[in-house]
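J.: Attaching a predicted model along with its sequence, questions to come.
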Amino acid sequence: MNKTELTQNKQLPSKEERHKLFGSVKPGPRTKPVDKADMADLQNSKKDFLFDIDMVGISNVKHPIRIPSSMTPEIQTTIGTFSFGSSIAKGSKGTNMSRFTEQLDKYHNEGFAVDIETMKGFTEELAGRLKQKNSEVEVSFPWFFERKGPYSDLAGMNHADATIRVEYEEETGHDVTVTLTGTITTLCPCSKEISEYSAHNQRGNVTMEVKLTDDFNEQEIDWKAALLEAAESNASARIHPVLKRPDEKMVTEQAYENPRFVEDIVRLVAADLYEYDFVESFKVSCRNEESIHLHDAVATLSYDKKEESN
Ligand SMILES: Nc1nc2c(ncn2[C@@H]2O[C@H](COP(=O)(O)OP(=O)(O)OP(=O)(O)O)[C@@H](O)[C@H]2O)c(=O)[nH]1
């Protein structure tokens, strides 16, 4: 007996009856206004509400975005996860939350490309729309880049997790912080040193959170590619989507020739970030998913170039 025959044998109640069966009831009398002008506007109540609020807004907003990239693919559409907010003073009850997504849709209709300049403009416009003196916007997205096998030159797609955070204050302007988490191979120096053969290795996640200088120009520098290079060029080896045997041999040998502790990674990456002119301050951390333990090895390092005391 097939599925069609089975379904035909059963007499179901109508859809309306089914909904009633499962608890749906008829609408009750409507007494409250339906026109916006006649509705209560609680958010805009003005009273002493006791405390100023540092930040109120919305988070976990998923939206398609376009991002620029200096690496292939140069034009890519990805999914951004946004949060938006601003402060409010104790004299106001609430913010107008519909205005965040209203502005997002406006930018989307204008072909929203998520770059630093556009994000700066976005925060300024948002503050105006909310009638506040400040606003903040953060967007996180997977950034894709082509990676070729070192010998075969066969290409595949890797990705790193990127975040742009822009804070706007009417009096002081914009603060921009970018974050990139890239994945690397690390081979344990201790294991290499003490063992007759081999050395254990692991997948390392390097997170670089960087405050950009005020004069940063994204037309000249792709910050994503620069941060990725800081992580990968200091690793035991890079991560590849496609490796034939000659590639695998090269990557394995390169890792053995460049052993790294988690401490080595954060210090070496810090040195590269220190040398990048567009970096004002940074925090770098590495988390190695250990292959000989269930736990991870972690290290973190912060540095502010404006504080020469470090
Ligand atoms: N302030 C505030 N709003 C909320 C909260 N929870 C939900 N809302 C939102 O309230 C929104 C509607 O409020 P507003 O954005 O002020 O709508 P409005 O007053 O018609 O919009 P404007 O004409 O722009 O002032 C909806 O988007 C809801 O998502 C909350 O905890 N606080």
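T.: On my side now, so go ahead.
J.: Could you look up the SS state of residue 206?
T.: Secondary structure, DSSP: H, G, I helix; E, B strand; the rest coil: residue 206 is strand.
J.: my read is residue 303 is in a helix, agree?
T.: No. Checked against three-state DSSP, residue 303 lies outside a helix; its state is strand.
J.: Within the sheet, what are the partner strands of the helix or strand hosting residue 166, with directions?
T.: Using DSSP states H and E, residue 166 maps to strand 155-169. Paired neighbours of strand 155-169 in the sheet (DSSP bridges): strand 134-148 (antiparallel), strand 173-187 (antiparallel).
J.: For the first one, which residues meet the burial criterion?
T.: If I follow you right, that is strand 134-148. 134, 135, 136, 137, 138, 139, 140, 141, 143, 144, 145, 147 (16 or more other C-beta atoms under 10 Å). (C-beta placed from N, C-alpha, C; glycine too.)
J.: What's opposite the second one in the beta bridge?
T.: When bridges are taken as DSSP bridges, the partners of residue 135 come out as residue 168.
J.: Now for it: which residues touch it?
T.: Shown in contact with residue 135 (C-beta atoms under 8 Å, 6 or more residues apart in numbering): 84, 85, 86, 123, 124, 126, 127, 167, 168.
J.: Grab the two from those that are most spread out in space.
T.: Greatest spacing in the contacts of residue 135, by C-beta to C-beta: 85 and 124 (14.5 Å).
J.: Break down the chain into its helices, ranges please.
T.: Secondary structure of the chain (DSSP state H): helices at 3-9, 15-21, 98-109, 116-130, 189-194, 223-232, 245-257, 262-275.
J.: Of the ones you listed, flag the one that's most buried.
T.: helix 223-232 (a mean of 22; mean count of other C-beta atoms under 10 Å).
J.: Grab the nearest non-local neighbour of residue 99.
T.: residue 129 (5.1 Å; C-beta to C-beta, 6 or more residues apart in numbering).
J.: Contacts only, for that neighbour.
T.: 99, 102, 103.
J.: and these near the ligand, which?
T.: residue 99 (C-beta under 6 Å from any ligand atom).
J.: any idea which of the contacts of residue 129 is the one closest to residue 229?
T.: Of the contacts of residue 129, the one sitting nearest to residue 229 (C-beta to C-beta) turns out to be residue 103, at 34.0 Å.
J.: Output stretch 242-250 as CSV, nothing but the C-alphas.
T.: Provided in CSV are the C-alpha atoms of stretch 242-250 (Å, rounded to 0.1, in the frame of the first residue of the first chain):
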residue,chain,number,x,y,z
VAL,A,242,42.2,21.3,-1.0
LEU,A,243,45.5,19.4,-0.5
LYS,A,244,46.9,16.8,-2.8
ARG,A,245,49.7,14.5,-1.5
PRO,A,246,52.6,16.9,-2.6
ASP,A,247,50.7,19.8,-0.9
GLU,A,248,50.2,17.7,2.2
LYS,A,249,53.9,16.8,2.4
MET,A,250,54.8,20.5,2.1
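J.: quick one: contacts of it?
T.: 148, 149, 150, 151, 152, 154, 155, 156, 240, 251.
J.: Just give me the closest of the buried residues of strand 134-148 to the ligand.
T.: residue 135 (14.7 Å; C-beta to the nearest ligand atom).
J.: any idea of the pLDDT on residue 64?
T.: Predicted confidence (pLDDT) for residue 64: 95.
J.: and it, bridged to which residues?
T.: Here residue 64, judged by DSSP bridges, has bridge partners residue 79.
J.: Close to the ligand: what parts of the chain are there?
T.: 36, 41, 43, 94, 95, 96, 97, 98, 99.
J.: got a winner among those residues for most neighbours?
T.: residue 95 (23 neighbours; other C-beta atoms under 10 Å).
J.: Now for that one: which residues touch it?
T.: Per C-beta under 8 Å, 6+ apart, neighbours of residue 95: 43, 56, 57, 86, 88, 130.
J.: cool, residue 263 as well?
T.: Taking C-beta under 8 Å, 6+ apart, one finds residue 299 in contact with residue 263.
J.: ok, how many other residues are close to the closest residue to the ligand within the stretch 201-310 of the chain?
T.: Per C-beta to the nearest ligand atom, the residue of the stretch 201-310 of the chain with the smallest distance to the ligand is residue 209, at 29.1 Å. Neighbourhood size, residue 209 [other C-beta under 10 Å]: 19.
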